[in-house]
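[1] Fold the following and give me the result.
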Amino acid sequence: MDCIFCKIIEGKIPSYKVYEDENVFAFLDITQGTKGHTLIIPKEHIKNVYDLTEGMAENIFKVVPKIAKALKTAFNPIGINIISNNEKPLQSVFHFHIHLVPRYENDGMELSTVNNYGKFSEEYFMTLVKDIKENL
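    Below you'll find the model as predicted:
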């Protein structure tokens, strides 16, 4: 397999590891979008969120607050973004990962969503709810 994250887990590529257990590996993102930017990944190669089992998700997400709290204590950010890009348009490494991005005043990071408040009818929302529930 030619996965950079699998090679990091195997020690074939060096990393700045901050946490490891039997299922999860966490290390500093080499880009350091902000001070302390950390990636949390499953040790098992999983392409994206669509391939995660509930058990895998539990193993990964129970580590998120532990590392987030360590980042808060270590660097005193004003907040933190928790991001996971899956498939298009932004997933660049096809091994599921979560970014913990501490935020600081004037850090230059821009993350936003479009605000469409007031543009959709109740019928539209009810159709969305129905479609999602039918696929659970």
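[2] element containing the residue of the chain most remote from its centre?
    Distance from the C-alpha centroid of the chain peaks at residue 123, with 32.4 Å (CA atoms, centre = their mean). Secondary structure assignment for residue 123, by DSSP states H and E: helix 122-134.
[3] Just the buried residues of stretch 18-31, please?
    If you call a residue buried by 16 or more other CB atoms under 10 Å, then stretch 18-31 has these buried ones: 18, 24, 25, 26, 27, 29. C-beta: built from backbone N, CA, C; applies to glycine.
[4] just those now: which is nearest residue 58?
    residue 24 (10.5 Å; CB to CB).
[5] what sits against the closest one?
    When contacts are counted by CB atoms under 8 Å, 6 or more residues apart in numbering, residue 24 touches 40, 41, 42, 43, 59, 60, 63.
[6] what do you get for residue 52?
    42, 46, 60, 96.
[7] With residue 32 as the reference, measure out to the closest residue to residue 59 other than its chain neighbours.
    Nearest residue to residue 59, sequence neighbours excluded (CB to CB, 6 or more residues apart in numbering): residue 23, at 4.1 Å. Going from residue 23 to residue 32 by CB to CB, to the nearest Å gives 25 Å.
[8] and what of residue 49?
    24 Å.
[9] circling back: show me what contacts the residue nearest to residue 59?
    Applying CB under 8 Å, 6+ apart, the residues near residue 23 are 42, 43, 44, 56, 59, 60.
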